[in-house]
Each structure stands twice: as structure tokens, then as C-alpha cells.
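Enquirer: Give the three-dimensional model of this entry:
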Amino acid sequence: MNVNAPSLLKILIVFILQLLIFSAQAQYLRKRTTMLMGSKFEITIVATDSVAAERHIDEVIGEVSRIENMISDWKSSSQVSEVNRNAGIHPVKVDREVYELTRRAIVISEATNGAFDISFAAMEKVWKFDGTMTEVPSPDDIRRSVQMVGYKNIILDSAQCTIFLKLPGMKIGFGSIGKGYAADRGQQIAVASDIKSGIVNASGDMRAWGRQPDGTNWKIGITNPFKPGKVMKIVPLRDEAVVTSGNYENYIVLQGKRYSHIINPTTGYPAEGLSSVTVFGPDAETANGLSTSIIVLGRDAGVKLMNKYPGFRVIMITDKGRVIKSANL
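Expert: Model (predicted):
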């Protein structure tokens, strides 16, 4: 069979075009783990160029580092540290970004009647979960531990963009929603660079988007709180955040009773009733605030809280092993 030159040329052109299309569609998954905000961050990027994927990971890390330097209360140079140093003295002017993060935190505090409170940073550490405690703190010690806690004493001035803590010795901290916010911002930075798929995992506060290179959804495992290290359920993710709060990794047992490291900021006592709370939704910041709040509030109040946030879904596991899920899960 003879094939003339023009036919060979057409075949070659088709082959080259197919190769170019394949190369353009080929996807490379790159993953990197690093320490940021005092926690382990795992950043996964899917891109058509492996070198570009690594560069975009650098961009995400740069954004999280920027946020850390701005809001971390353990960094003396941060704006939040400046706010804390001037508690009871005068308002402190901050970037609008810090102001708005604080304002959103107070909104969650109001919705949860103080079960969520960024002024928990002022709580005296009468509960210790490092193995040194031998008895339950006295009621007086616990009562004193929360004297400086109270979101209603955080005064915001939008016009001046200032934050003022009314009580001397008062402090705010974003350990509860800061990593969720950083995960959201990392995702936004990547999407702005036209990255169609990835995960920013801020030590369990996750923001996923797009799909895996094989076209399937991302999948996360929900830990069995009674068998740490074992996965209870695999849940697919595509364009959403997921955050889990639980008491199964950090706790103490005193006189035969188990005490969670998650402390109710209004009472000073460890939260009871729920072993694990996983919240799914459109952003990790809010999901983080909700998961922490529900652990403190308990099952019934947690269900009522979730009714205020119809865009979010929850899986609660009680300390008796019962699983409660949102109707929309």
C-alpha cells in the first residue's frame, strides 16, 4: 500500500497535535509539608507543569507566612501582639484584614453565646495536659482562670480601624480560626494563579478545590475517636473545606474521669459530651469556628447552631459513640 507525501504529512500533523493536546492536559501533582503558624501544613498543587506547581506552592507558603507574621500572638512583632500589649491602655490601629478577621470572630462568638471566644488567649492555664496534673483544679482557680475572658470587652472602631481590649491583662489569639483563614487564603492565592486543583491542609483545617489528576474527587478520612489512627469514614471532597475538632488526642484522666483539652471559655471547665466534630462548608475559617464551638456547646445546642449556617454540614460523634449527621450531608 502506497501512501503519498501529503498523506504522510497530514498523519504527522495529527500526531503532533494529539501529542501537544496530551502534553497540555497532562497534570502533575506536587506536595510539600512544612511548619507554619506552629503547626504542620501540607500543600498539594495539581498543575500542567511540575516546575510551576512547585512555584505555586512557594506562593502559598509565602501567603501563610505573611498571615502568621500579622496575627500570631506568639510573635512579638505581630499586630495582634501589639493589641495585647496595650490591653486596658489604648486602642491599636491594625490592618483592615486583621480588623475584619476579628470582627468575624466576634460574630461567631455572638452566635454561640461565647462558646467561641478569641479572648480565650487570656485564660489562665490551670488545666495542664502534659501529664503533670494529679488533681482537678479548685473551683476558685477555675473561676479566676476566665476573669480576663469575654468577647464583649473587645471594642472595635471601624472608622479608625482599631481594636481595643478593655481589661488590663486581656489577650486575643487566633489559634482557633487562624489556620482555617490561612488555608482559605492559600487556596485563593493558588486559584488567582489559575491553579484548578489542590488542597491546603493546615494541620487538619483543609481547603480543597478541583479534582485529583485522575479526575476523581479528593478524599479525606474521618478518624475514629475511639481508635485513633483508624479511619471511620472516607468522605469525597471537591470544592469545599473540612475541619475536625476532637478530644481524642489531647486529654487527661483524673480520678477515673476523662477531661478534654478543649475548654469552655465561659466556665473554664473542659467540654463534655462530644468526642469529635467534623464540619464541611465553603470556607475553612467558619468551619473551624463552628467545629470548636460545637465541641463546647454539645450535641443539642450544636444542632441548633448549625441550623443558622445552612451552607455547612456536620458529623458529630458523642462520647458514647453515637453518630449524628446533618440532614444535608
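Enquirer: could you pull out the strands for the stretch 51-200 of the chain?
Expert: Ranges of strands in the stretch 51-200 of the chain, per DSSP state E, counting those that start in this stretch, are 92-93, 154-157, 162-165, 197-202.
Enquirer: Residues contacting the first one, please?
Expert: To tie it back to what came earlier, the one meant is strand 92-93. Strand 92-93 has contacts (C-beta atoms under 8 Å, 6 or more residues apart in numbering) with 79, 82-83, 86, 160-164. To be clear about C-beta, it is placed using only N, CA and C from the backbone, and glycine gets the same treatment.
Enquirer: Which among those residues count as buried?
Expert: Buried by 16 or more other C-beta atoms under 10 Å: 79, 83, 161-164, out of the contacts of strand 92-93.
Enquirer: quick one: which of the residues you listed is nearest residue 141?
Expert: residue 83 (27.0 Å; C-beta to C-beta).
Enquirer: Please report how far the closest one lies from residue 90.
Expert: 10 Å (C-beta to C-beta, to the nearest Å).
Enquirer: low-confidence ranges in the stretch 101-250 of the chain?
Expert: Within the stretch 101-250 of the chain, not a single segment meets pLDDT under 70.
Enquirer: Give the intersection of the neighbour lists for residue 83 and residue 90.
Expert: Residues touching both residue 83 and residue 90 (C-beta under 8 Å, 6+ apart) are residue 164.
Enquirer: thinking again about what came up before, could I get the buried ones among the contacts of strand 92-93 as CSV with distance to residue 140?
Expert: Formatted as CSV, those follow (distance: C-beta to C-beta, whole Å):
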residue, distance to residue 140
79, 35
83, 29
161, 40
162, 35
163, 31
164, 29
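Enquirer: In these, find the pair that's most separated.
Expert: Pairwise distances across the buried ones among the contacts of strand 92-93 peak at 13.3 Å for 79 and 164 (criterion: C-beta to C-beta).
Enquirer: where do the helices sit along the stretch 101-250 of the chain?
Expert: For the stretch 101-250 of the chain, the helices defined by DSSP state H, counting those that start in this stretch cover 139-145, 178-192.
Enquirer: Residue 74 is nearest to which of those?
Expert: In terms of C-beta to C-beta, the element of those nearest to residue 74 is helix 178-192, at 11.1 Å.
Enquirer: From the chain's centroid, how far away is that closest one?
Expert: 10 Å (C-alpha atoms, centre = their mean, to the nearest Å).
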